[in-house]
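Visitor: Here you go, sequence then predicted model.
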Amino acid sequence: MTVSGHREYNFHGNYISKKNKSFVENLPYSDQVKAYLAANLEVEFAVKKLIERLDATGILENTVIALINDHYPYGLSNGSLNELAGRAVERNFELYKGVFILWKKNMTPIFVDKLASEIDILPTLSNLFGLEFDSRLLMGRDLFSDVPPLVVFLNRSWITDRTRFNPTTPPNDPERDMEYDKAINKIVADKFKYSAKILETDYYNKLIPK
């Protein structure tokens, strides 16, 4: 986990942004966006150094690196977010779009554009590494499986491979499959319900005692 790329994004109060300013000062962006990019370059430099050291010690062949962002850059203004994207960013779904990178030396690159979220990483890695686990105890789905994707947001919005649904602005489309919406809304509601129950009852500790 890194904190080097966190806010505030400026060149007078953020040491990391100031440190890496020379790499971004000629970019055609506002100072806040340039400071954001400069701060997050530290991750780039850290991963580069890690790979070089692992390679030098001869253990890079047995190393897998997984990288994921855990939130959008909420330290940026809406204007700066739009500036980075080159257009207005949709605030309910697109704002949270990120990238998961899984890398191993000499691997054949594979681009997976299947919908997924953070909870899908654990079952994906578990299957790739051949780890034994009970998939019924995880809400995530293996990215390489043929199980239909489902991404759920805090306000109970969701996206599947068929459509998206925002409960704060319900779609008004007479041709929309309302039964499908109802079925997915039930799944989403159950996920919230049983997630709370897992915490309230200390379920996993009862299931797998220490």
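Guide: Sure thing, it's come through. Numbers count the residues shown, from 1 in each chain.
Visitor: list the buried ones in the helix or strand bottoming out on mean pLDDT in the chain?
Guide: When each helix and strand of the chain is scored by mean pLDDT, DSSP states H and E, helix 203-207 comes last, with a mean of 91. Using 16 or more other Cβ atoms under 10 Å as the test for burial, helix 203-207 gives no buried residues. All C-beta spots, glycine's among them, are computed from the backbone N, C-alpha and C.
Visitor: Show residues contacting it.
Guide: With Cβ atoms under 8 Å, 6 or more residues apart in numbering as the test, helix 203-207 has contacts from 137, 197, 198.
Visitor: Least confident of those residues?
Guide: Among the contacts of helix 203-207, residue 137 has the lowest pLDDT, at 89.
Visitor: got a winner among the contacts of helix 203-207 for most neighbours?
Guide: Within the contacts of helix 203-207, residue 198 tops the neighbour count with 14 neighbours, counted by other Cβ atoms under 10 Å.
Visitor: ok but it is inside a helix, no?
Guide: Yes: under DSSP: H, G, I helix; E, B strand; the rest coil, residue 198 falls within a helix.
Visitor: ok, it - contacts?
Guide: Listed by Cβ under 8 Å, 6+ apart, the contact set of residue 198 reads residue 204.
Visitor: Can you lay out the contacts of helix 203-207 as TSV showing distance to residue 79?
Guide: Listed next are these as TSV, based on distance: Cβ to Cβ, whole Å:
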residue	distance to residue 79
137	43
197	42
198	40
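Visitor: which one among those residues gets closest to residue 19?
Guide: Nearest to residue 19, judged by Cβ to Cβ, of the contacts of helix 203-207 is residue 198 at 42.3 Å.
Visitor: And that closest one, how far from residue 154?
Guide: For residue 198, the distance to residue 154 equals 17 Å [Cβ to Cβ, to the nearest Å].
Visitor: part of a helix, is residue 67?
Guide: No: Residue 67 sits outside any helix when classified using three-state DSSP, being strand.
Visitor: ok, it - how many residues close by?
Guide: Neighbour count for residue 67, taken as other Cβ under 10 Å: 12.
Visitor: next one: residue 102
Guide: 17.
Visitor: Who are the packing partners of the helix or strand where it lies?
Guide: Assigned by DSSP states H and E, residue 102 belongs to strand 100-103. The contact analysis (3 or more Cβ pairs under 8 Å, 6 or more residues apart in numbering; DSSP states H and E) places strand 100-103 against strand 65-68, helix 121-128.
Visitor: Which residues does that strand contact?
Guide: The contact list for strand 100-103 (Cβ under 8 Å, 6+ apart) reads 64, 65, 66, 67, 68, 116, 121, 125, 128.
Visitor: For residue 48, identify the helix or strand it belongs to.
Guide: Using DSSP H and E, residue 48 maps to helix 31-56.
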